[in-house]
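Q: Using only what follows, build the 3D model:
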Amino acid sequence: MKPAEQVVVVTGASGGVGRAVAEAFGARRAKVALLARGVTGLGAAAGEVRRGGGTPLEIPVDVSDFAQVDAAAARAEAELGPINVWVNVAFTSVFAPFEDIRPDEYRRVTEVTYLGYVHGTMAALNRMRPRDRGTVVQVGSALAYRGIPLQSAYCGAKHAIQGFNEALRCELLHAHSGVHVTMVQLPAVNTPQFSWVLSRLPRQAQPVPPIYQPEVAARAVLHAADHPERREYWVGASTVATLIANAVAPGLLDRYLARTGFDSQQTDRPRSRRQPVNLWAPADGPHGRDYGAHGAFDDRAAAVSPQAWASRHHLLVAALGAVAGAAAVVIRMRSRHLG
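A: Numbers count the residues shown, from 1 in each chain. Model (predicted):
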């Protein structure tokens with residue numbers, strides 16, 4: 001299918017990675033249903049999709065409510081056509097030690113960040129499976145495999161998404177379904193979440209360096225949507241290093257993160273007491289400002305990821321490696337012969 005003919009649904013489309021993904025699909029002239037709570041961000045995202053040549057549809061939704069998500073899917077199909085790609089991005093979180101998070105806050109993070117993905121996937125598959133085609137992309141994180149301090153609610157939700165997605169993928173393979181699910185594991189990304197997530201830290205929250213721009217994530221998501229046969233994609237050298245270290249020496253990584261994980265997630269500046277909180281209501285509501293895709297760390301964020309490029313072109317990289325290896329053998333043999 002030509003990109004311009006695609007109907008795409010993006011949750012969390014009002015800001016951050018979801019915003020960058022929506023804009024990227026718009027640049028391909030796709031029809032993009034934009035789902036999020038914040039109407040200010042949704043309106044701005046729709047403008048970006050439209051300027052890119054795409055067709056936007058703004059649908060205010062709280063993904064923790066399945067009825068709202070299912071109604072949004074029905075509206076997207078009624079106004080744009082059959083959904084080809086569904087991208088789950090929406091989340092919320094709390095930056096705080098576990099002991100400082102209330103039960104209702106933990107429940108809210110779980111309902112949005114984990115069950116929001118379940119609801120989106122359910123709404124998508126209810127429509128895709130009868131047609132035996134379509135793709136669901138789950139936007140994950142290195143934290144889907146490796147928990148870190150101060151983000152226990154978010155890490156728990158991302159771990160849950162990982163397990164849920166793996167189980168679902170097995171079921172679809174068992175059924176020989178033409179519907180695909182894949183996951184994109186992201187590194188630290190420069191998004192507005194650090195300016196609007198509920199924080200009880202003494203200093204301003206920040207992504208754990210190295211930091212990447214949301215467009216790096218968006219390119220990986222689009223590639224995953226185009227090539228969903230792979231079970232998952234890893235973005236960023238830091239993601240690869242973290243997942244390998246966790247598989248090989250998780251206990252040592254526990255101790256390393258216990259020493260470094262508190263300071264690395266905070267800047268040197270005190271946290272503003274006036275920082276908005278989007279846990280219960282959107283920071284970009286009717287009278288809020290548009291936060292866009294980027295956060296406050298543009299001066300420290302990388303716009304490209306060589307590792308992500310290599311992941312997207314793994315066959316080419318493998319072929320080049322094989323050629324280089326063969327060339328090295330030939331050179332060694334010639335050198336021995338000449339010697």
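Q: At which residues are the strands of the stretch 151-300 of the chain located?
A: Taking DSSP state E, counting those that start in this stretch to define them, one finds strands in the stretch 151-300 of the chain at 179-186, 188-189, 198-199, 203-205, 211-212, 232-234, 266-270.
Q: so can I have JSON lines of these showing distance to residue 260?
A: Where you see a C-beta, it was placed from the backbone N, CA and C, and this is true even at glycine. As requested, the strands of the stretch 151-300 of the chain are arranged in JSON lines below (distance: least, Cβ to Cβ, whole Å):
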{"stretch": "strand 179-186", "distance to residue 260": "20"}
{"stretch": "strand 188-189", "distance to residue 260": "14"}
{"stretch": "strand 198-199", "distance to residue 260": "19"}
{"stretch": "strand 203-205", "distance to residue 260": "15"}
{"stretch": "strand 211-212", "distance to residue 260": "16"}
{"stretch": "strand 232-234", "distance to residue 260": "22"}
{"stretch": "strand 266-270", "distance to residue 260": "11"}
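Q: between these, which one is nearest to residue 305?
A: Taking Cβ to Cβ, strand 211-212 is the member of the strands of the stretch 151-300 of the chain nearest to residue 305, at 5.9 Å.
Q: Looking at the closest one now, give me its mean pLDDT.
A: The predicted model gives strand 211-212 an average pLDDT of 98.
Q: Outside of it itself, which residues are in contact with it?
A: For strand 211-212, contacts defined as Cβ atoms under 8 Å, 6 or more residues apart in numbering pick out 186-190, 235-236, 297, 300-303, 305.
Q: contacting residues around residue 47?
A: Residues in contact with residue 47 (Cβ under 8 Å, 6+ apart) are residue 56.
Q: count of residues packed around residue 159?
A: Using other Cβ atoms under 10 Å, residue 159 is surrounded by 18 other residues.
Q: and what of residue 52?
A: Residue 52 has 18 neighbours, counted by other Cβ under 10 Å.
Q: just residue 270 next, same as before
A: Residues near residue 270, counting by other Cβ under 10 Å, number 11.
Q: Same question for residue 229.
A: For residue 229, the neighbour count with other Cβ under 10 Å is 8.
Q: got it, and the one 3 residues further on?
A: Neighbouring residues of residue 232 were enumerated by other Cβ under 10 Å; the total is 18.
Q: can you check residue 237 too?
A: Applying other Cβ under 10 Å, we find 15 residues neighbouring residue 237.
Q: ok, it touching residue 304?
A: No - counting by Cβ atoms under 8 Å, residue 237 does not reach residue 304; the two are 11.6 Å apart.
Q: about what we covered before: please convert the contacts of strand 211-212 to JSON lines, extending it with neighbour count and pLDDT.
A: Shown next, in JSON lines, are those (neighbours: other Cβ atoms under 10 Å; pLDDT from 0 to 100):
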{"residue": "186", "neighbour count": "29", "pLDDT": "97"}
{"residue": "187", "neighbour count": "28", "pLDDT": "97"}
{"residue": "188", "neighbour count": "24", "pLDDT": "97"}
{"residue": "189", "neighbour count": "27", "pLDDT": "98"}
{"residue": "190", "neighbour count": "28", "pLDDT": "98"}
{"residue": "235", "neighbour count": "30", "pLDDT": "97"}
{"residue": "236", "neighbour count": "26", "pLDDT": "95"}
{"residue": "297", "neighbour count": "19", "pLDDT": "96"}
{"residue": "300", "neighbour count": "13", "pLDDT": "95"}
{"residue": "301", "neighbour count": "22", "pLDDT": "96"}
{"residue": "302", "neighbour count": "15", "pLDDT": "95"}
{"residue": "303", "neighbour count": "10", "pLDDT": "94"}
{"residue": "305", "neighbour count": "24", "pLDDT": "71"}
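Q: just the residues you listed now: which is nearest residue 138?
A: residue 186 (10.9 Å).
Q: Can you give me the distance of that closest one to residue 199?
A: According to Cβ to Cβ, to the nearest Å, residue 186 stands 20 Å off from residue 199.
Q: for residue 71, same thing?
A: Taking Cβ to Cβ, one finds residue 71 at 32 Å from residue 199.
Q: These two: which is more packed in?
A: Taking neighbours as other Cβ under 10 Å, residue 71 and residue 199 compare with residue 199 leading, 22 against 14.
Q: Tally up the residues packed near residue 169, please.
A: Residue 169, neighbours per other Cβ under 10 Å, totals 19.
Q: nope, residue 60 is what I meant
A: Residue 60 has 16 neighbouring residues, counting by other Cβ under 10 Å.
Q: Kindly report the same for residue 294.
A: Number of residues near residue 294 (other Cβ under 10 Å) recorded here: 19.
Q: ok, for it, nearest residue in space, not its chain neighbours?
A: Computed as Cβ to Cβ, 6 or more residues apart in numbering, the closest residue to residue 294 that is not its neighbour in sequence is residue 190, at 5.7 Å.
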